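Undergrad: Sequence isn't available, so here's the structure alone:
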């Protein structure tokens, strides 16, 4: 069972990494350029990329990011063994 979760976890990590990296970098870039350097037009452009409004995916992109992260959490936590039933040591 753990091998199956590792397989799914590996696939999810590869599939979700690019959108998450894009979300993180554009979110940080927005803060830096809009809040610190007061470059509002470039900050607005970064926010359009951040929400994928530029491609018309602004309604579903956050949901897909969230589902990908939930999938990674479920498969990752299941591999840790935190939810296994403990065997009693009494014979």
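TA: Done, it's in. Values in this document were obtained by computation on a predicted structure and should not be read as measured data.

Undergrad: Counting by contacts, list what the longest helix along the chain packs against.
TA: Among the segments of the chain that qualify as a helix by DSSP state H, the longest is helix 2-30. Using 3 or more Cβ pairs under 8 Å, 6 or more residues apart in numbering; DSSP states H and E, the elements in contact with helix 2-30 are helix 40-50, helix 61-80. (C-beta placed from N, C-alpha, C; glycine too.)

Undergrad: If we go by neighbour counts, what in the shortest one is buried?
TA: It refers to helix 40-50. Using 16 or more other Cβ atoms under 10 Å as the test for burial, helix 40-50 gives 43, 45-47, 49-50.

Undergrad: still on that earlier bit, just want the angle from the longest helix of the chain to helix 40-50.
TA: Angle, helix 2-30 to helix 40-50, by axes from the mean of the first three to the mean of the last three Cα atoms, to 10 degrees: 160 degrees.

Undergrad: residues of helix 2-30 that come out buried?
TA: For helix 2-30, by 16+ other Cβ under 10 Å, it's 8-9, 12, 16, 23, 26, 29-30.

Undergrad: Pick the one among those residues closest to residue 2.
TA: residue 9 (9.9 Å; Cβ to Cβ).

Undergrad: now the closest one: how far from residue 17?
TA: According to Cβ to Cβ, to the nearest Å, residue 9 stands 12 Å off from residue 17.

Undergrad: for residue 79, same thing?
TA: Counting by Cβ to Cβ - residue 79 and residue 17 are separated by 18 Å.

Undergrad: Could you do residue 6 as well?
TA: Residue 6 is 16 Å from residue 17, by Cβ to Cβ.
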